[in-house]
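Student: need coordinates for the below:
(chains A, B, C and D)
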There are 4 protein chains.
Amino acid sequence: MRDTHRTYEIRCPVHGFIKLNDWEWGVISQPAFQRLRRIRQLAWTDYVYPGAMHTRFEHSLGVMHVATLLYDAICDKSAEILKSDLAYNKDGLGRDRQLVRFAALLHDVGHSPFSHGSEDLFPSHDGKSYKHEDYSVAIIRSELRSAIEEHSLNANYGLHAEDIAALVEGSAKARQPIFWRDLIAGQMDADRMDYLLRDSYHTGVEYGGYDLKRILTTIRAIRSRGGHPPQLGVSRGGWHAAEGLVLARYFMFTQVYFHKTRVAYDVHLRGALKKLLPHGRFPLPTGESLKSYLRWDDWRVLGLLGSGKGGADGTCLRSRNHYRRVYETPEVSTKKDFEMFEKVKRRLGKLVAAEESAAKSWYKTGPPDIPVVDDHNPKDVRPLSKYSSVVRGLKANNQVFLYVAPENFDSAESRIGEITKHVRK
Amino acid sequence: MRDTHRTYEIRCPVHGFIKLNDWEWGVISQPAFQRLRRIRQLAWTDYVYPGAMHTRFEHSLGVMHVATLLYDAICDKSAEILKSDLAYNKDGLGRDRQLVRFAALLHDVGHSPFSHGSEDLFPSHDGKSYKHEDYSVAIIRSELRSAIEEHSLNANYGLHAEDIAALVEGSAKARQPIFWRDLIAGQMDADRMDYLLRDSYHTGVEYGGYDLKRILTTIRAIRSRGGHPPQLGVSRGGWHAAEGLVLARYFMFTQVYFHKTRVAYDVHLRGALKKLLPHGRFPLPTGESLKSYLRWDDWRVLGLLGSGKGGADGTCLRSRNHYRRVYETPEVSTKKDFEMFEKVKRRLGKLVAAEESAAKSWYKTGPPDIPVVDDHNPKDVRPLSKYSSVVRGLKANNQVFLYVAPENFDSAESRIGEITKHVRK
Amino acid sequence: MRDTHRTYEIRCPVHGFIKLNDWEWGVISQPAFQRLRRIRQLAWTDYVYPGAMHTRFEHSLGVMHVATLLYDAICDKSAEILKSDLAYNKDGLGRDRQLVRFAALLHDVGHSPFSHGSEDLFPSHDGKSYKHEDYSVAIIRSELRSAIEEHSLNANYGLHAEDIAALVEGSAKARQPIFWRDLIAGQMDADRMDYLLRDSYHTGVEYGGYDLKRILTTIRAIRSRGGHPPQLGVSRGGWHAAEGLVLARYFMFTQVYFHKTRVAYDVHLRGALKKLLPHGRFPLPTGESLKSYLRWDDWRVLGLLGSGKGGADGTCLRSRNHYRRVYETPEVSTKKDFEMFEKVKRRLGKLVAAEESAAKSWYKTGPPDIPVVDDHNPKDVRPLSKYSSVVRGLKANNQVFLYVAPENFDSAESRIGEITKHVRK
Amino acid sequence: MRDTHRTYEIRCPVHGFIKLNDWEWGVISQPAFQRLRRIRQLAWTDYVYPGAMHTRFEHSLGVMHVATLLYDAICDKSAEILKSDLAYNKDGLGRDRQLVRFAALLHDVGHSPFSHGSEDLFPSHDGKSYKHEDYSVAIIRSELRSAIEEHSLNANYGLHAEDIAALVEGSAKARQPIFWRDLIAGQMDADRMDYLLRDSYHTGVEYGGYDLKRILTTIRAIRSRGGHPPQLGVSRGGWHAAEGLVLARYFMFTQVYFHKTRVAYDVHLRGALKKLLPHGRFPLPTGESLKSYLRWDDWRVLGLLGSGKGGADGTCLRSRNHYRRVYETPEVSTKKDFEMFEKVKRRLGKLVAAEESAAKSWYKTGPPDIPVVDDHNPKDVRPLSKYSSVVRGLKANNQVFLYVAPENFDSAESRIGEITKHVRK
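Tutor: Residues are numbered from 1 along each chain as shown, chains lettered A, B, ... in the order given. Modelled structure (predicted):
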C-alpha cells in the first residue's frame, strides 16, 4: 500500500536536501514536469562556461524550496499582519503554504527548449505574443490537473489546479493568496534567488552570491498606506542584503546572461529552430497543440541538429563557428553613443548578421523598488533606492551589440575603423 | 595575424580558471574533441542527483589542469631524482610537461555516448573487447594528428601524436616519459583526482572531498630498489592525504557510482543502445568506421530516444519506469552471502531482469599500494597500507544487485520473503 | 518594556544564523557564560594552524544549534517511538527541546583556560580527579541557576537548573529526557558534530568534513530489544554518513588534535600553569572556590605569561621554543614497537622532556558502535561496524611521542641512531 | 646543517597553503613579528561576530601570498611594459619579487594592540600624529634588520632593510620598485584583497566576496601618458571584477567595520587604554621607546583588563555593557541631515557619551579611480568610474553615530522623540 505520508529528499548542490511530500512527488513524476529535465537552464551557455549544463528541473525544485523558506520566514516575522490584514488563521497559512509550493514548483513548467533562448518563437494571439508563463498555466490546467487535484492529501485543502494557475499568472482570481505572488514573480522572488545562486554555482563565476540567510531573517510583510494590501519587503536591518541581491543580478547579467558569445548562440538557436519548427513557430498552448508543444525539448532539437538539420544556424551551433561581436555601445549608452551606433550600422550595411539589445533581454534588471520598513516604526516605509546610493546609481543596461559572420569580421572591423577610433574585438 | 603566444582561460567551477595555450586551444577546437561536450560524465545519474549534468569536456580540461599541478609539484620536490634517475634537464621537463598535458587532455577523447554506461557495447577483436582507451588513442593518431603536430609552437618540441598515444596507452614506446603515466592512469592519477571533486560538486554529495592541496605538497618521485625506475608516491607527511583520496573514492562508489537506481539506468541504456546501434555494437576504432563511431554522441541517442526508438529499454529511459532492485548482498559479501544470493536468484527465476555486480563496475576501488617515502630517510619506502589500518581494513566491494521489472516487484519480494527474513525495498 | 518573545540571531561562520530566544539570551549574557569568549577552543593550535583562534563561546552556540537540528529530525522521523516508548506528547517534546538546548549550550561552560590543554591540573577529590564536566554542572547549579529558573518564559515549562545539570552529567535524575543525552555526549553527539566542522573551518584543514545533511535525514530513535529504552542511531540509508563522521574524527585527530607541535605546547601550558596556579591546581568546583575558578581564563593566563611569569615553560610559550619530538611509535603500535620505544627511552634517559600518548588524549576515537536500523524491518538493528569494513579496520591510536628540549635534539637523535635505523626529525 | 633552500608551508583557511622560504621563515620567527599573533585583526568584533578572533599574523601571511599572486600575474601579462618602461630584466624581477614579498609581509608589523581600534593613542611629533606604518618601518629598520640582511639567501640580492622600509612608506628612496607600491597600499592592494576575504571568512558574513581569480587574469601594468611611470590597473575584461572589489569593501564597511556595536567597543577600548598607557599614549617609535612599544600587545591589555584595570571603560569591555547608539544620520548624509544631527546633539547635551563618524573611520571607501585599459588599444585608458555607473553612484559614507550610556538610553530616546519622528533603537 502506498504511504501517502512518505517524504522524499532530493540532493541539491545549492540548497542541500530538498524535501517533497508524496503529493508533490506525484506532480513532478508527470511527463509534463519530467520534460524539464530535458530543458537546459541557460541554453548554450556551456559553450562559454562548460559547467553550465544544469536544467529547469533542478531549478524548479530549488524555487519551491526557496519559496518555502521565504514563506516560513514571513509567517514567523509578520504573523500579526497576516492575521489582521489578510484574515489568515493557522489552517489558512498551512493551505497557502502548499499552494505557494506548487506555484513555485510549476511556474517554469511551460518553458520551450533551451529556456529563454527560444522564446522569440512563441506564436501570437490577437497581436500579442505568447510567453512561457502562458504555457505554464495551460499545462497546470490540463496535463497536471489530475495529479494536483486527485491526490488523497488534497482532502486536507481542496486545492484546484486553477488556484495554482491563477497565482502563477497573478490574476485577480487568485484572491487572498495573491499577496504571495511576489514570491513567484517580483523583485525578491524565489525564482531569482534560486537562479542567481544556481547559475553562479554551475558556471563557476563568483558573482551571483548574496546574503540569502540575512534576507530570510529580515523579509517582511509590510503594511501599505491608504488601504492597499500588504506588500513584500525587508526590515531596515536587511536593506544591504536586498541591495546585495540587486547587485548579484546586475553582475550575473553582464558576466553570464548577456555575455557576447552566449548571446550569439541564442541568435543561432533561434535561426535553427525557425527551420526545425513547422511554420517556424511553436505550437499554440491549447488542446492537441499543447501536447504537440510538449514534445519539443532539448533532446529533440539536439537530435535534429546532430542529424544535420537546422540550416546554416544549425551548422553554426554544431561547429561553434558563431557570429562575432564587432561593435558594442557602452553598458549605459547615451544618445551620442546610439548615434555613433547607427553610423556604424549603416557603414556595415549587409555585413550585419545580428543586432542584440540588452534592453530587451530576458534577464534585464528591473526597477529596484523593494520597500524597506523600520521595525521600530512600522509607518516608516521607504523604497530601497531611498537608502541605497548604489541602487540609485544603477542605470538600466541599454547596451547594443552588432554581430557579423566570422568570415566578415576583418572587413567589418576595418570599415568601423574608418569612422571611429574605438575598435575592439 | 594569429598570435600563437596567446593564452586562453576557461572558467571551471572546481578549479577556477583553466589556462590553455594556443596549441591546446587548437586541439580542443577539433570536432573530435568538441564531441565531448555532448557526452555526459555520469550518464543518467541526473535521474538520481539532478545536478549531475556535467560532461567529459569539462572533466578533460580538469584532468589536464590537475596533471599539470602534479607535474609541477613533482618537478619542484623531486628535481634531484628526475635529473639523476631519468636524465632530465630543464628543456626535457618543459617538453614532457606539454606531453603530459596533452595526454591528460585527450585520454578520454574516445568515450562512447554516456561514458562508461555504454562501454559493454564495444566490438571485439581477436576475442578481446575494445575499451574506450583504444578509441582515444585511435582518435589521437588520426583525427587529432595534424592539430597536434602542425602547430607552430610544436617547433619547440617536435612532438608526435604517437608520443601522446603511447603515453595514454602506457606502451613501451613512450620511453622515458612513461614515468608520468601514473599521472594519467594510476592510484593517484589526475583523472581520479578530478572526477572525485567534479562529480561531488555537481551531484552535491558531500563525499568526494580529499586534501588536494596537501597531496600537491607531498607528492614525490620515489626511487625504487633494485634498479627499477622511480615511481609516483607521497612523502610520509602526506600519507593521510593519500588515505583520504582512497576513502573519497570508496565513498563516491557507494553513494554515486554504484547507486542502485543509477545502475538500473545503465542497464536500460545498454538495452536501448543495442537496438539503436547497427548490429548492436559500436563501430570499430579504425578508418571510416572510426569516423562513424564519432558520430555517436548523447545528442544523437537522446534524439532517437525522444522520437520513440530504443525499444522497451528506451521507453524505460523516457518514462523513468526503471527496474527495481529487489535483492542485494552486503558490500563485502562472504561465501555464505553468495550462496543465499544464488538461492534467491533461483527462486526468482525469470523474474530477474538484471544482475549487476560491483566487482565488475567501472569504478571499482583498486589495490591501494601507493608508496610512501620518509623524507629524512629516502630508503624507507613502504606501501600506504603499511601505515594505514583504514586502508588495510578497506575490503573490495563485491556486492551484487538483483533487479526486476517494476510490475514484478511485489511478487518478487514475496517470493524472496519465503526464503529469507531480510527483505528490503 | 522588555519583549520576552524577542528572538536573537548570531552569525556563525559554520552554521549561518544561530537563533536564540530571550531566555537563552539571558543565560548567555551571564558572566559565567561570557567567560567562554575568553577560552580558546584549541589552546595553542594557532601556533601550528594560525587560523585556529576560535573560542568555546562560538562552539557552545554551535552545539546548541546542531543539537536542535538533531532533536527536530528525530521528532520528525521517530515520532511513533517517542510517543509509545517514552510517553511523549507534543507539549513534552516542546519542553524537552528547550531542555536539550540548554544542556547543549552549557555542557562546556566549566572549561578551564585553553580548554583541554589544562585539564590535567584539576584538583582531586576522594582520589578521583575532577573533570571539566564537574565544573559545568556546578556552574549550572549556582551561577546560572537564577537566569535559568527565573525567566518569565519558564512559566511554560517549570525547568530547574538541576534538570539541565542532570542531563549534562547523565545521571539517573534526568529521568525520561536521559534518552537525549546521546545528543550531548555520545558517538553521534552535537558536540562532536560541531567541533569537527568548526575546528576544520578555522584551521583550514580539509579533513573534518562529513555529511551532516544526510545524518539529519537518517538519524533515528531505535527500539532496543529486551525492554531496554530506545537508543540514538541511524537508518540503514545513513550508515555511510555515520561512517563518514567516524572517519572525520579519525582524520582530525591525527592532523590537528594530536599534531606533534600542538601536543608540545600543551606540555608547556601545563608546566606554566603549575607555576601560575596556587598550589599548582585549579580551585575546587564548590562555593567561593568555584567563583575563584571562574576568574581563571585565557586573558589572565596570557597577561601573566606576557609579564614574564610561568617559569621555563612560560618562556617556551612566549618564545615558541618548544620541545621537539624526537621519537614516535606508529599510530597503531604493536608490542614490538613499544619494546623499541622503551629501549629508546632508556637510552635517552634524562634527555626526555616529555612523553605523550595518544591513548590518553582528550580526543581519542571511541568504540564505533552506532546502531543502524533497517527502515523496512525495524527489528533488524546492527552496529555500524557490522556494515562497515572501514570502521572495523579502524584500530585505536596508541601512538606515543618522546620529546626533548630543542638544545638536546641533535644529541638525542644521535643516541637514537645508535639503536635504530628509523630516525626522523 | 641548516638547509637554506628548505621551504615551509603554512595552512591558511583562506588561501590554502602559504609557502615561505627559509629567509622569510627567519623573519617571521623574530619576536617583533611573532607579536602579531597577539594582535587581533578586528579588535572586539567577536562581541558582534563570535568567529572574528583572527590575528594580524594570519593576515600578514595572506597579504604576502596575494601580493605574490598579483606580482606574478603582472609579470606574466605586462612583461613588455616592465621591460621597456621600467628597465627590468629577469634577475631584477626575481629580486623585486622578494622585495615585494617582504614589504607585504611586514607592512602591518607596527600595529598597536587590537589593530586600528587603538590608533588614536599614537603619540605626536611636530604636531603630526604617528601612524601604525611609522611603527612598521621603524621595526623593519631596527628589530628585523639583521634577520633581513644577514640570511645567506640574501647573497643573491643584497637587499637592505631600508629598501623594504622605503617601499612600505612609499618614499622616493624606493626608486624603481616604487611601481609595486600599489600592491601594498592602493585601490587594488594585496592588503585589501586579503582582509576582505579573511574578515568575511572568520565573521561568517556573506559580503566580502569578489572575483580574485578574475582580477588575477586581468591585472595589468598600464602605460601612462606624458612620460609618467606605469600604473597598476585592469584590462577592460576585468572592470566588473574591479567593480566587485570596490563593492565588497563597501559592504564590509557597513556590515562589519562600521557596525554600531563594534564601534562602541572601539570607544571603550580607547578609554581603557588611556588609563593603562603611561601618560595615555603609546611609546614613540624610536630607540628604547620602540622596544617598550613592542611589549604592548593584546595579551598584556587583556591581562590588565582581566585584573580589573582600565577604569570605567575597562569595566564596559569586561561586562559588555557598552554605550548604545541612540541616533544616526543616513549613510550618505546631506546638509539637512547634519543640521538635524546638531539639533539632536544639543538636545542630548551631556548625555552624549561618544560621537563616531564614518568619514574618519580607518576603513573608509576611497576614490575609485582604478585605471582600465583596452587590451586591443593600449592608449584607451579610462578610470573605472567611467565604465561603472555603480561606482559613480557610490557616495562617500559620512554617517555619524551618537552614543549614550546604557542607563541613559531611555531618557535620551525620549528627548530625541521630542524633536524628531525618526527614533530608532
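Student: for chain A, which segments count as strands?
Tutor: With strands called from DSSP state E, chain A shows them at A:7-12, A:16-21, A:124-125, A:128-129, A:219-222, A:231-235, A:324-328, A:352-357, A:371-374, A:377-383, A:400-404.
Student: out of the ones you listed, which comes closest to residue B:156?
Tutor: With C-beta to C-beta, the closest approach to residue B:156 among these belongs to strand A:324-328: 30.0 Å. (C-beta placed from N, C-alpha, C; glycine too.)
Student: what angle sits between the closest one and strand A:352-357?
Tutor: Between the axis of strand A:324-328 and that of strand A:352-357 there is an angle of 60 degrees, by axes from the mean of the first three to the mean of the last three C-alpha atoms, to 10 degrees.
Student: report the rounded mean pLDDT for strand A:324-328.
Tutor: Across strand A:324-328, pLDDT averages out at 96.
Student: who's in contact with that strand?
Tutor: Here strand A:324-328 makes contact (C-beta atoms under 8 Å, 6 or more residues apart in numbering or on different chains) with A:260-261, A:263-264, A:341, A:344-345, A:348, A:399-406, A:409, A:412-413, A:416, A:424.
Student: and for stretch A:268-286?
Tutor: A:43-44, A:110, A:112-114, A:117-118, A:120-123, A:125, A:130, A:134-135, A:138-139, A:289-290, A:292-293, A:296, A:301, A:304-305, A:309-314, A:316-317, A:322-323.
Student: and residue A:98, how close does it get to residue A:24?
Tutor: As judged by C-beta to C-beta, to the nearest Å, residue A:98 and residue A:24 stand 9 Å apart.
Student: try residue A:235
Tutor: Residue A:235 is 31 Å from residue A:24, by C-beta to C-beta.
Student: likewise for residue A:95?
Tutor: 15 Å.
Student: remind me, longest helix of chain A?
Tutor: helix A:56-77 (DSSP state H).
Student: more neighbours, residue A:95 and residue A:24?
Tutor: Using other C-beta atoms under 10 Å in any protein chain shown, the more surrounded residue of residue A:95 and residue A:24 is residue A:24, with 23 against 17.
Student: from memory that one sits against residue A:101, does it?
Tutor: Yes. In this structure, residue A:24 is within contact of residue A:101 by C-beta atoms under 8 Å, at 6.8 Å.
Student: what is in contact with those two at once?
Tutor: residue A:64.
Student: so which residues on the stretch 151-300 of chain A come close to chain B?
Tutor: A:201-205, A:295, A:297-300 (C-beta under 8 Å from any C-beta of the partner chain).
Student: ok, of these, which come out buried?
Tutor: Taking 16 or more other C-beta atoms under 10 Å in any protein chain shown as the criterion, what is buried in those is A:201-205, A:297-300.
Student: for the residue of the stretch 101-250 of chain A found nearest chain B, what are its contacts?
Tutor: Ranking the residues of the stretch 101-250 of chain A by distance to chain B (C-beta to the nearest C-beta) places residue A:204 first, at 3.2 Å. Applying C-beta under 8 Å, 6+ apart, we find residue A:204 in contact with A:49, A:51, B:11-14, B:16.
Student: tabulate these (a markdown table), appending neighbour count.
Tutor: As requested, those are exported to a markdown table (neighbours: other C-beta atoms under 10 Å in any protein chain shown):
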| residue | neighbour count |
| --- | --- |
| A:49 | 24 |
| A:51 | 26 |
| B:11 | 21 |
| B:12 | 23 |
| B:13 | 23 |
| B:14 | 23 |
| B:16 | 18 |
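Student: reformat those as TSV; add distance to residue C:190 and pLDDT.
Tutor: Formatted as TSV, the contacts of residue A:204 follow (distance: C-beta to C-beta, whole Å; pLDDT from 0 to 100):
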residue	distance to residue C:190	pLDDT
A:49	39	96
A:51	35	96
B:11	38	96
B:12	36	97
B:13	32	97
B:14	31	97
B:16	35	95
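Student: find the closest residue to chain C in the stretch 1-150 of chain A.
Tutor: Chain C sits closest to residue A:16 of the stretch 1-150 of chain A, with a gap of 4.6 Å, by C-beta to the nearest C-beta.
Student: that residue contacts residue C:215, correct?
Tutor: No. The pair residue A:16 and residue C:215 fails to qualify as a contact (C-beta under 8 Å) at a distance of 11.8 Å.
Student: ok, and for stretch A:409-424, which residues are buried?
Tutor: Quick answer for stretch A:409-424 (16+ other C-beta under 10 Å): A:409, A:412-413, A:415-416, A:423.
Student: sorry, wrong one. I was asking about stretch A:114-124.
Tutor: A:114-123.
Student: so among the residues you listed, where is pLDDT lowest?
Tutor: Per-residue pLDDT puts residue A:117 lowest of the buried residues of stretch A:114-124, at 79.
Student: pretty sure it contacts residue A:45?
Tutor: No. Applying C-beta under 8 Å, one finds residue A:117 not in contact with residue A:45, separated by 9.2 Å.
Student: circling back to that earlier point, which one of the residues of the stretch 151-300 of chain A next to chain B is nearest to chain C?
Tutor: Checking those one by one against chain C (C-beta to the nearest C-beta), the nearest turns out to be residue A:201, at 16.1 Å.
Student: per-residue confidence for that closest one?
Tutor: 97.
Student: at the contact with chain D, which residues of the stretch 151-300 of chain A appear?
Tutor: Neighbours of chain D within the stretch 151-300 of chain A, by C-beta under 8 Å from any C-beta: A:205-207, A:209-214, A:236, A:240, A:244, A:247, A:250-251, A:254-255.
Student: what about stretch A:33-46, average pLDDT?
Tutor: For stretch A:33-46, mean pLDDT rounds to 95.
Student: end-to-end on that stretch?
Tutor: 23 Å (C-alpha to C-alpha, to the nearest Å).
Student: chain center to that stretch: distance?
Tutor: Distance of stretch A:33-46 from its chain centroid, counting by C-alpha atoms, centre = their mean, to the nearest Å, is 13 Å.
Student: ok, that stretch near chain B or not?
Tutor: Yes. Residues of stretch A:33-46 contacting chain B under C-beta under 8 Å from any C-beta: A:34, A:37-38, A:40, A:46.
Student: pLDDT below threshold where in chain A?
Tutor: By pLDDT under 70, the weakly predicted segments of chain A are A:1-2, A:360-368, A:421-425.
Student: for whichever residue of it sits closest to chain D, give its distance to residue D:250.
Tutor: Per C-beta to the nearest C-beta, residue A:393 is where chain A lies closest to chain D, at 1.3 Å. Distance from residue A:393 to residue D:250, counting by C-beta to C-beta: 11 Å.
Student: I'd guessed residue A:221 sits against residue A:182; true?
Tutor: No. Using C-beta under 8 Å, residue A:221 is not in contact with residue A:182; the gap is 9.8 Å.
Student: tell me the residues of chain A that contact chain C?
Tutor: Counting by C-beta under 8 Å from any C-beta, chain A sits next to chain C at A:9, A:16-17, A:213-214, A:216-217.
Student: which two in the residues you listed are spaced the farthest apart?
Tutor: The widest separation within these (C-beta to C-beta) is 26.0 Å, between A:9 and A:214.
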